[in-house]
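In: Generate a structure from the sequence data that follows.
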Amino acid sequence: MANVGNKKTRHIKNLGSVYYDNNRAKWIGQITIGKYDNGRVKVKRFVGSNQNDVIDKMRKYNKTHANNMILDEIKNSSGDILVSEYFHNYMLTVKKIRLKRASYTRELGTLNNHVIPYIGEYRMNELTTEIIQNEVLNKLIYRGYSFSTIHKAYVLINQCLKYAYHQHIISNNPCDFVAEPSKKIFTRKPIRFFTDEEIAKFINCATLKDSSNQYKYTNGVALVILMYTGLRAGELMALQWQDVNLKSNYLNIHKNVVTYYDDNNERKVANQEDTKTQTHRFVYLTKSAKSYLKHLYLTRKPRSNDYLVITTSKRSIDSLETTYHSICKRANILNPQGLHTLRHTYASLLIRKKVDIKIISETLGHASVAFTYNTYVHLIEEEKAKTIKEIDI
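Out: Predicted coordinates:
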């Protein structure tokens with residue numbers, strides 16, 4: 001910290017300087033924000049009663065206005081900027097303020113995995129319909145990616161280029177004439193769910209106890225509950241005992257644990273105060289679900305704000321996934337895939353019990369009945385065929 005007259009000046013790396021003005025009895029911060037036409041440096045000043053307040057103001061200003069400065073530079077470059085740079089700036093300046101953290105992380109994954117590796121080194125003004133068609137969509141098709149993955153990449157590219165066109169970065173949107181592949185050409189991957197035999201083996205291993213009569217897997221019973229409620233893994237992670245109503249037989253699902261990446265690209269976990277597709281929903285309990293919930297409650301004797309899933313550190317789904325795979329390995333369940341298999345298993349049980357598709361959709365928290373039907377269409381058709389076969393006419 002240097003003394004300049006009646007001022008103590010502190011230079012902060014990549015931000016600006018802060019000094020104390022004895023005459024005003026205030027801390028002053030200043031950031032260089034450009035130059036005037038005559039060449040003089042343009043400065044933004046901040047005033048506060050203490051140093052930390054001033055630094056906070058400077059950082060907030062810098063964070064808010066840095067992206068605008070980037071876009072101004074981009075406009076002045078007349079499209080002569082790398083696609084990777086522009087698309088990442090678009091994510092920061094447009095997408096980040098519109099999307100939930102988990103949704104933003106998913107779109108960032110689409111960008112980094114299925115867009116940038118194919119066209120990231122092109123300049124914005126070099127992009128053509130042919131480049132997007134051949135270098136992105138067609139290559140993703142030939143490499144065996146699903147329709148959903150290709151569609152997400154197409155939508156993201158189109159949205160970004162549409163924005164660039166309206167910002168006068170490019171003269172036209174080359175995505176306007178790109179042909180998206182037909183969904184019909186893709187082979188639908190079969191839904192993985194447990195058979196009755198696998199369900200029995202999974203429950204047997206998940207509820208194993210050691211020599212001291214303690215559960216071998218701390219969250220083994222919670223995973224059985226997951227299988228008998230059809231919750232998303234993040235919803236189970238966020239579920240507290242105060243959300244469980246055993247008297248009226250339902251769960252109040254209104255939170256979701258999500259994984260996202262912060263501004264420093266560090267992986268974080270947080271509670272999101274709604275679910276993936278709705279503000280909240282009630283999930284009514286089957287006899288099996290209620291039985292295991294009662295058992296877990298009597299075993300633990302939890303407080304109302306305790307979580308059903310016990311973790312030693314941050315509430316990451318990773319720990320639950322690890323337990324799931326350990327149980328499947330012990331149960332000799334081959335190709336168990338991920339935790340979503342338990343959700344599919346619950347849906348398959350409901351379909352086999354001929355529960356109305358609308359009730360299944362609402363229970364699972366899907367955005368629409370059509371989505372539920374399309375997801376489980378093969379199972380639904382199989383059950384329909386069995387029902388018709390049993391009709392004696």
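In: Quick check: closest non-adjacent residue to residue 311.
Out: Nearest non-adjacent residue to residue 311, counting by CB to CB, 6 or more residues apart in numbering: residue 319, 5.6 Å away. Heads up, the C-betas are built off the backbone N, CA and C, glycines and all.
In: State the pLDDT value of that neighbour.
Out: Per-residue pLDDT puts residue 319 at 87.
In: Work out the gap between the strand or helix carrying it and the centre of the chain.
Out: Using DSSP states H and E, the element containing residue 319 is helix 317-330. For helix 317-330, the separation from the chain centroid amounts to 21 Å (computed by CA atoms, centre = their mean, to the nearest Å).
In: Identify all contacting residues around that helix.
Out: For helix 317-330, contacts defined as CB atoms under 8 Å, 6 or more residues apart in numbering pick out 202, 205-206, 208, 217-220, 222-223, 233-234, 236-237, 257, 259, 309, 311, 336, 338-339, 342.
In: So the residue nearest to residue 311 versus residue 93, what's the distance?
Out: Computed as CB to CB, to the nearest Å, the residue 319 to residue 93 distance reads 35 Å.
In: Have a look at the two and say which one is more surrounded.
Out: residue 319 (18 against 15; other CB atoms under 10 Å).
In: Distance-wise, check the more buried one relative to residue 197.
Out: From residue 319 to residue 197 the distance is 27 Å (CB to CB).
In: What of residue 132?
Out: On the measure of CB to CB, residue 132 and residue 197 end up 48 Å apart.
In: Out of these two, name the residue with the larger neighbour count.
Out: Set side by side, residue 132 and residue 197 show more neighbours around residue 132, with 24 against 9, by other CB under 10 Å.
In: which SS class is the more buried one?
Out: Taking DSSP: H, G, I helix; E, B strand; the rest coil as the rule, one finds residue 132 in the helix state.
In: Could you pull up the residues touching it?
Out: Here residue 132 is in contact with 119, 157, 174-175, 178 (criterion: CB under 8 Å, 6+ apart).
In: Just give me the neighbour total for the residue lying closest to it once chain neighbours are set aside.
Out: Leaving aside its sequence neighbours, residue 132 sits nearest to residue 178 (CB to CB, 6+ apart; 5.1 Å). Other residues lying near residue 178 total 20 when counted by other CB under 10 Å.
In: Model confidence at residue 178, what's the number?
Out: So residue 178 comes in at 94 (pLDDT).
In: continuing past the helix holding residue 319, what's the next helix or strand?
Out: Scanning forward in sequence from helix 317-330 by DSSP H and E, the next helix or strand is helix 340-352.
In: same for that following helix, what does it pack against?
Out: Secondary-structure packing of helix 340-352 (3 or more CB pairs under 8 Å, 6 or more residues apart in numbering; DSSP states H and E): helix 220-227, helix 357-364, helix 377-390.
In: List the buried residues in that helix.
Out: Within helix 340-352, the residues that qualify as buried are 341-351, counting by 16 or more other CB atoms under 10 Å.
In: quick revisit: could you tell me which of the contacts of helix 317-330 count as buried?
Out: Applying 16+ other CB under 10 Å to the contacts of helix 317-330 flags 202, 205-206, 217, 219-220, 222-223, 233-234, 236-237, 257, 259, 309, 311, 336, 339, 342 as buried.
In: residue contacts, residue 122?
Out: 82-83, 131.
In: Which of these ranks first by neighbour count?
Out: residue 83 (23 neighbours).
In: And the helices in the stretch 101-250 of the chain?
Out: Along the stretch 101-250 of the chain, the stretches classed as helices by DSSP state H, counting those that start in this stretch are 101-114, 116-119, 129-132, 138-142, 147-166, 196-206, 220-227, 233-238.
In: other SSEs contacting the fifth one?
Out: The reference is to helix 147-166. Using 3+ CB pairs under 8 Å, 6+ apart as the test, helix 147-166 ends up in contact with helix 83-90, helix 101-114, helix 138-142.
In: Same question for the last one.
Out: In this structure, helix 233-238 packs against helix 220-227, strand 256-261, strand 267-272, helix 317-330, with contacts taken as 3+ CB pairs under 8 Å, 6+ apart.
In: quick one: strands adjacent to the second one?
Out: Read it as strand 256-261. Strand 256-261 sits in its sheet next to strand 267-272 (antiparallel), going by DSSP bridges.
In: Please identify the buried residues of the helix or strand following the strand it pairs with?
Out: As assigned by DSSP H and E, the chain's next helix or strand after strand 267-272 is strand 281-284. Across strand 281-284, burial judged by 16+ other CB under 10 Å covers 281, 283.
In: Run through the stretch 251-393 of the chain and note the low-pLDDT ranges.
Out: Low-confidence segments of the stretch 251-393 of the chain (pLDDT under 70): 263-265, 278, 313, 392-393.
In: For the host helix or strand of residue 296, buried residues please.
Out: Using DSSP H and E, residue 296 sits within helix 287-300. Using 16+ other CB under 10 Å as the test for burial, helix 287-300 gives 288-290, 292-293, 296.
In: Output the longest strand belonging to the chain.
Out: Taking DSSP state E as the criterion, the chain has its longest strand at strand 26-35.
In: And the next helix or strand past it?
Out: Using DSSP H and E, the first helix or strand after strand 26-35 is strand 41-48.
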